[in-house]
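S.K.: Sequence and computational prediction follow.
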Amino acid sequence: MRFAVLIALAIAVVGFYPSAGVAQTSTIALPDCLGHPVVKPTSVTLACADANFRIEHIQWTGWGESFAAGKGTAVVNDCEPSCAGGHFHNYPMLLIVTGRQTCPSGRSAYEKIEYAFVGNSPFPKATAENATQDVACKPRP
């Protein structure tokens, strides 16, 4: 429930319109699965080991501010009968990135993703209520 209020507040504060001015050209990034900073990514993989849970076609608002809100499409593998033989399903999703960290390259990056499904969730309720994931910068090898 806390996340739903946070999402509603984010949308009310910044609206779903392209960010104007400095925020649009900000170099703040979001680390990908390898920890490499990506500025305003259009997709984010949340299950890095097998890519069975990702968000695609993300439209951001407030990018470069203390938080950014996005809406996109979650692509989730049902893993039936197994993850290798499963099928992918799409779900509308909202997400917020918050926090700040400095990557080894010196680039500023968000450090946390919170997400919520719009409507039904493919996950058990307990998982869906605590939908927060930390993302860390790592040096390139």
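M.R.: Everything's here; your move.
S.K.: number of nearby residues for Ala84?
M.R.: Look at Ala84: counted by other C-beta atoms under 10 Å, it has 9 neighbours. C-beta: built from backbone N, CA, C; applies to glycine.
S.K.: Same check on Ser43?
M.R.: Ser43 has 14 nearby residues by other C-beta under 10 Å.
S.K.: same question, Asn120
M.R.: Around Asn120 there are 9 other residues, counting by other C-beta under 10 Å.
S.K.: What's the separation between the closest residue to it other than its chain neighbours and Gly62?
M.R.: Of all residues not flanking Asn120 in the chain, Tyr91 sits nearest, at 7.1 Å (C-beta to C-beta, 6 or more residues apart in numbering). Distance, Tyr91 to Gly62, using C-beta to C-beta, to the nearest Å: 23 Å.
S.K.: Please say which of the two ends up with more neighbours.
M.R.: Remark: of Tyr91 and Gly62, Gly62 carries more neighbours, 21 against 17, as counted by other C-beta under 10 Å.
S.K.: before we move on, the earlier item: these two touch, right, the residue nearest to Asn120 and Val118?
M.R.: Yes. Using C-beta atoms under 8 Å, Tyr91 makes contact with Val118 at a distance of 7.5 Å.
S.K.: What residues does Tyr115 make contact with?
M.R.: For Tyr115, the contact set (C-beta atoms under 8 Å, 6 or more residues apart in numbering) comprises 3, 46, 55, 74, 93-96, 131, 133.
S.K.: mind running it again at 10 Å?
M.R.: Going by C-beta atoms under 10 Å, 6 or more residues apart in numbering, Tyr115 touches 3, 7, 44, 46, 53, 55, 70, 72, 74, 93-97, 128, 131-133.
S.K.: Buried among those residues? Need that as a selection in PyMOL.
M.R.: Only the buried entries of those go into this PyMOL selection, using 16 or more other C-beta atoms under 10 Å:
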select buried, resi 3+7+44+46+53+55+70+72+74+93+94+95+96+97+131
